[in-house]
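Q: I'll drop the sequence and a predicted model, then ask my questions.
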Amino acid sequence: MNILIANDDGIYSPGLLALAEVASEFGNVKIVAPDVEQSSMGHAISAHTPLTYKRTAIEGFEAYRVNGTPADCVALGMFHWNQEADVVLSGINSGTNLGNSAWHSGTLAAAKQAVLFGCRGLAFSTPVTREEPDFSTIKPFVKKSLETLLPEKELSLININIPANAKGMRWARQSVRHYDGKVIPGKDPLGRQHFWFTVVPVEETEEGTDRRAVEDGYVSITPLSLDLTNHEELSRAKDRVKL
Ligand code: MN
């Protein structure tokens, strides 16, 4: 099995190395990742600037760094591998990708880009506190996730969040919560005004969601779809409004 690894934290992220180490037990691994951090870039692509990739020394792996976004990395990785990657693994992101994060996440964008190419994409994330995540407690659940999910070929796009010292794994739906969307003004050291866009969820965590699973100490496994159509509303609108 040919496994392409990407992320949005950049090629030197410890989470990327942890993912590559586990993945190498399942197949041939190549790493193609951004040269600098691209978190919260979502599914941006560099359509108006040229991309380059450079061989990068990551011990034990064939790795390349790209001057682009996570989606660019998957595109170049697939090209480099003559489209012969069987699965794209993205992460392990430092920071969860739960609920609405799916819209901002570069980690998930890499997995989504894989699916757009007709490949499978699995995204891995873990919570961060003030300290770096301890990937030694996370790696066993990466392995367990791959053992469980790689044979399930029907699942093309999967979002996986792994808390430290997880109690087990749970199927979960995406938690979509409203954000307060607060803009907080501040001052830089030279007295110039700047702003922070904070994204703090404002509703309670719902049962059965990815957020609840991780809050309860479980790995959340969420199959996602690229189809953004609201099928219920479409069907109701068709009945209500004749075009
Ligand atoms: Mn990130």
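A: Arrived safely, thanks for sending. Numbering: from 1, shown residues only.
Q: Off-centre distance for the lowest-mean-pLDDT helix or strand in the chain?
A: One helix or strand of the chain scores below all others by mean pLDDT, DSSP states H and E: helix 101-104, with a mean of 89. Computed by C-alpha atoms, centre = their mean, to the nearest Å, the chain-centroid distance of helix 101-104 equals 9 Å.
Q: swap in stretch 197-214?
A: From the chain centre to the centre of stretch 197-214 is a distance of 17 Å (C-alpha atoms, centre = their mean).
Q: same check, this time on stretch 65-84
A: 15 Å.
Q: Give me the residues contacting it.
A: Outside of stretch 65-84, the residues that reach it under the criterion C-beta atoms under 8 Å, 6 or more residues apart in numbering are 2, 4, 6-8, 11, 30, 32-35, 38, 41, 43-46, 51-54, 56, 64, 85, 88, 90, 106-107, 109-110, 112-114, 117, 119. For glycine as for every other residue, the C-beta is placed from the backbone atoms N, C-alpha and C.
Q: Swap in 7 Å and give it another go.
A: The contact list for stretch 65-84, computed with C-beta atoms under 7 Å, 6 or more residues apart in numbering, reads 2, 4, 6-8, 11, 30, 32-35, 38, 41, 43-46, 51-54, 56, 85, 88, 90, 106-107, 109-110, 113-114, 117.
Q: quick check, the strand or helix carrying residue 77 touching the ion?
A: When secondary structure is defined using DSSP states H and E, the element that contains residue 77 is helix 70-80. No: figure legend: helix 70-80 not in contact with the ion (C-beta under 5 Å from the ion); closest approach 8.7 Å.
Q: Which helix or which strand is home to the closest residue to the ion within the chain?
A: Of all residues in the chain, residue 39 sits closest to the ion, at 3.3 Å by C-beta to the ion. Take DSSP H and E as the rule and residue 39 turns out to sit in neither a helix nor a strand.
Q: That one and residue 216, how far apart?
A: Noted for residue 39: a distance of 25 Å to residue 216, by C-beta to C-beta, to the nearest Å.
Q: Ok, residue 156 next?
A: Spatial separation of residue 156 from residue 216 under the definition C-beta to C-beta is 27 Å.
Q: Compare neighbour counts for these two and give me the winner.
A: Neighbour tally, residue 156 and residue 216, criterion other C-beta atoms under 10 Å: the higher count belongs to residue 156, 20 against 14.
Q: what's the longest helix seen in the chain in contact with?
A: When every helix of the chain is counted residue by residue (DSSP state H), the longest turns out to be helix 135-149. Residues outside helix 135-149 that contact it (C-beta under 7 Å, 6+ apart) are 14-15, 18-19, 22, 25-26, 92, 122, 124, 126, 155, 158, 160, 162, 164-166, 169, 219, 221.
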